[in-house]
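1. below are the sequence and a predicted model for it; my questions follow.
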Amino acid sequence: MSLGSFLKSKLVPPALDEQISRIRKPIGSLGYDPWGYNSEAIKLGFSLTRQIYQKYFRVVADGVEKIPADGPVLIIANHSGQLPLDGLLIGYTLAARKDNPRMPRAMIERFFPTVPYLGNLLNEVGAVLGDPINCAKMLANGEAVIVFPEGVRGSGKLYQDRYQLKRFGNGFMHLAMKYHAPIIPVGVVGCEETIPAIANIKPLAKLLGVPYVPVALPVILPAKVHLNFGDPMYFDDLEIPEEQVTERVEQVKAAISELIDKGLSERKRLF
Amino acid sequence: MTEQRRPNILITGAAGALAQQVINRLRETCDLVAVDFREQVYLGDDIPSYCIDFNKRVFEDLFRRYKFDGVIHLGRINSSQLTRMRRYNANVLGTQKLLDLSHKYGIRRVLVLSTYHVYGAIAYNPALIDEEAPLKGANLSMDLLDSVELENLANIYLWRYPELNITILRPCNIVGPGVRNSISTLLGSHRAPVLAGFSPMMQFIHIDDMADAIVLAYGKSTRGIFNVAPEDWVAYQRALELCGCKKITIPSIPPVVPRMILRAIKLRSFPSYLMQFFKYPVVIDGRAFAREFNFRPKRPLKEIFRYYRENKNPV
């Protein structure tokens, strides 16, 4: 028995196996899709994430039912916490929702594919290199795509800058307009406290070819995470100047900011 | 009453398994002439076969003698064969000669077989690469230069001489019985190298499906460049498992280490300059070809891998 099938037999009960198998995905005859998503690996990933989601971060999610049951959709959230835990938790929330669960795809930093093991692992559980062509093709396939328009500016920020939204790129808005994909804003609260960083060692990051090297404790703290999903935002596909696209991006940013404030006011304690 | 003349077609790379499949599909309806620079192959009494270098003057005699209507150029030398210089001469200069002669003798249909290697295996490649994507293969290694140059050349002729009706096909990994390229050798071996922690997505097309694709493409004069790949994908290491190959793990970082190891062991099926293709995915989008030529591959991946599992070290 291979390690994969052994872990699966221990971690994935038949009921969960069936539950995940019911979620339809455009995959090939061997369970893979073009971006490396694997229908077997996702079951293991789902099962492990469930433990982290429920027991470690004790996630409270509100409004996940606002994500449409099918068709292209962009889930736009604030990015934080050095590691892409926020994407994992948002993805699990949607995959585990009671009615019409979906397996969303998260767009990840460009350096991940160059990291042995981790790059492939992330691909197998649905993460995809954050390239506009990838996002466009997935929206054309009717997928739900998680995007963090702040990119490394968001995930690499220091603890003193927590919950301050960095500049949003405009790319996601162009894609939402082109593919008529509604935008679901999400406010993530709690991930900032998982790996609080006090500094970034830029020369070392440059040397290693990674976006940042945080000075932080070598543990992931069990901060309680609040996810607030906002109402879908629809944008037409009119030919408009970039200035107006930026205004639309600012609308999404404002919606996320409100959702973060809501999460912060709901939060009773950090851990 | 005059009988309608059967089309005369020149097929290059005749010693290869793919060309022979194409020849078998066309021999009933067309008059074929087969050439190969490597060896003269016997293809039956009805098909003249020549061992010829395209750069030699006698090559033109074939055009004078047979009055071809079309050319199917499958004679691209794989990057694992011959030296870089000889490959450049055959693939680039030889193809130029072939296209020049095609223009001179009024040929009305030219099909050129390229490869997905021209896109290059880069960490930042998106999946489902379109035909318009830049060709980064030459940036990876000088050993892929001739493949990219061959394409550039065919492209120039495509636009300069539209009457040639050139179609360039960029297939994914062609595999199956008789195929002697590097990936087929790997799948057919008992042990195959993998780079630690890297298992890129790959696409495979069965040689029979590829031969069908070539015949379909030849039959419809749509000019242009098309990827050819089925809508099915598998990770490299999973493909090896399904083919019953034992994986030999090579350290993958820093990149200089695997390159040094591969250069030292000089495996023909896993050359150092193709290393990136076993590290990063090059997943191409074959839907434009499927739509335009109504192409639907018939052999699933499982059938392909079963063949390799049951026929270790195939011919």
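-> Now that the structure is in, tell me what you want to look at.

2. dump the residue contacts of the residue of chain A found nearest chain B.
-> Nearest residue of chain A to chain B: residue A:116, at 2.5 Å (CB to the nearest CB). Backbone N, C-alpha and C define where each C-beta goes, glycine included. Listed by CB atoms under 8 Å, 6 or more residues apart in numbering or on different chains, the contact set of residue A:116 reads B:195-198, B:252-253.

3. so among these, where is pLDDT lowest?
-> Lowest pLDDT within those is found at residue B:253 (81).

4. before we move on, the earlier item: ok, the contacts of residue A:116 vs chain A, which is closest?
-> Nearest to chain A among the contacts of residue A:116, counting by CB to the nearest CB, is residue B:197 at 2.5 Å.

5. pLDDT score assigned to the nearest residue to the closest one once chain neighbours are set aside?
-> Leaving aside its chain neighbours, residue B:197 sits nearest to residue A:116 (2.5 Å; criterion: CB to CB, 6 or more residues apart in numbering or on different chains). pLDDT recorded at residue A:116 is 92.

6. for the one 10 residues further on, same thing?
-> Reading off the confidence values, residue A:126 has pLDDT 93.

7. got the contact list for it?
-> Contacts of residue A:126 (CB under 8 Å, 6+ apart): A:37, A:42, A:45, A:91, A:103-106.

8. list buried residues within the contacts of residue A:116.
-> When the contacts of residue A:116 are checked for burial by 16 or more other CB atoms under 10 Å in any protein chain shown, the buried set is B:195, B:197-198, B:252.

9. filter the residues you listed down to just the ones in strands.
-> Using DSSP state E, the members of the buried ones among the contacts of residue A:116 that fall in strands are residue B:195.

10. how about the nearest residue to whichever residue of the stretch 201-315 of chain B sits closest to chain A, chain neighbours excluded?
-> Proximity of the stretch 201-315 of chain B to chain A (CB to the nearest CB) peaks at residue B:232, 3.7 Å away. Take residue B:232 and drop its neighbours on the chain: the residue closest to it by CB to CB, 6+ apart is residue A:28, 3.7 Å away.

11. list the contacts of the one you found.
-> B:231-234, B:301.

12. roughly how far does the closest residue to residue A:233 other than its chain neighbours sit from residue A:169?
-> Nearest residue to residue A:233 in three dimensions, chain neighbours excluded: residue A:183, at 4.5 Å (CB to CB, 6+ apart). When distance is defined by CB to CB, to the nearest Å, residue A:183 is 14 Å away from residue A:169.

13. got the contact list for the residue minimising distance to the centre of chain A?
-> With distances taken as CA atoms, centre = their mean, the residue of chain A nearest its centroid is residue A:87 (2.2 Å). Residues counted as contacts of residue A:87 (CB under 8 Å, 6+ apart) are A:77, A:106, A:108, A:127, A:146, A:148.

14. now, which of the contacts of residue A:28 lie within helices?
-> Taking DSSP state H, the ones among the contacts of residue A:28 that sit in helices are residue B:301.

15. most neighbours, which of the contacts of residue A:28?
-> Neighbour tally across the contacts of residue A:28 (other CB atoms under 10 Å in any protein chain shown): the maximum, 30 neighbours, falls on residue B:233.

16. ok, and the closest non-adjacent residue to that one?
-> Using CB to CB, 6+ apart, the nearest residue to residue B:233 is residue A:32, at 4.6 Å.

17. burial measure for the one you found, as a count.
-> Around residue A:32 there are 25 other residues, counting by other CB under 10 Å.

18. phi, psi for it please.
-> With angles defined as degrees, to the nearest 10, residue A:32 sits at phi -110, psi 150.

19. just to check, it is in contact with residue B:237?
-> No - in this structure residue A:32 lies outside contact range of residue B:237 using CB atoms under 8 Å: 11.7 Å.

20. higher neighbour count, residue A:183 and residue A:169?
-> More neighbours surround residue A:183 than the other of residue A:183 and residue A:169, with 26 against 16 (other CB under 10 Å).

21. who's in contact with the more buried one?
-> Contacts for residue A:183 (CB under 8 Å, 6+ apart) come out as A:73-76, A:172-173, A:176, A:232-235, A:252.

22. strands - which of those residues land there?
-> Assigned to strands by DSSP E, the following of the contacts of residue A:183 qualify: A:73-76.

23. need those residues in TSV with distance to chain B, neighbour count and pLDDT, can you?
-> Formatted as TSV, the ones in strands among the contacts of residue A:183 follow (distance: CB to the nearest CB, whole Å; neighbours: other CB atoms under 10 Å in any protein chain shown; pLDDT from 0 to 100):
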residue	distance to chain B	neighbour count	pLDDT
A:73	20	25	97
A:74	17	27	98
A:75	20	28	97
A:76	20	25	97
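
24. confirm that residue A:198 sits in a helix.
-> No - judged by DSSP: H, G, I helix; E, B strand; the rest coil, residue A:198 forms no part of a helix; its state is strand.

25. how many neighbours does it have?
-> Residue A:198 is flanked by 11 other residues according to other CB under 10 Å.

26. quick check: it touching residue A:158?
-> Yes - between residue A:198 and residue A:158 there is a contact under CB under 8 Å: 6.4 Å.

27. quick one: the residue lying closest to residue A:31 once chain neighbours are set aside and residue A:125, what's the gap?
-> The spatial neighbour of residue A:31 that comes closest, neighbours along the chain excluded (CB to CB, 6+ apart), is residue A:39 at 3.9 Å. Distance of residue A:39 to residue A:125, given as CB to CB: 11 Å.

28. so for these two, which residue has more residues nearby?
-> Legend: neighbour count by other CB under 10 Å for residue A:39 and residue A:125, higher for residue A:125 (22 against 18).

29. residues touching the more buried one, list them.
-> When contacts are counted by CB under 8 Å, 6+ apart, residue A:125 touches A:37-38, A:41-42, A:45.

30. which one's the longest helix in chain B?
-> helix B:145-160.

31. got a list of contacts for that one?
-> By CB under 8 Å, 6+ apart, the residues outside helix B:145-160 that reach it are B:76-77, B:79, B:84, B:87-88, B:91-92, B:95-96, B:99, B:103, B:110, B:112, B:114-115, B:117-118, B:135, B:137-138, B:164, B:166, B:168, B:170, B:223-225.

32. can you map out the strands along the chain?
-> Went with chain A since none was named. Using DSSP E, strands in chain A cover A:60-62, A:73-77, A:105-108, A:127-129, A:144-147, A:183-189, A:197-200, A:214-216, A:226-229.

33. wait, chain B was what I had in mind.
-> Secondary structure of chain B (DSSP E): strands at B:8-12, B:31-36, B:49-51, B:70-73, B:109-113, B:166-171, B:173-175, B:191-195, B:201-202, B:204-206, B:224-228, B:234-235, B:246-250.

34. is chain A within reach of the last one?
-> It refers to strand B:246-250. No - using CB under 8 Å from any CB of the partner chain, strand B:246-250 never reaches chain A; the gap is at least 10.6 Å.

35. chain A contacts on the stretch 1-150 of chain B?
-> So the stretch 1-150 of chain B meets chain A at B:123-128, B:130 (CB under 8 Å from any CB).
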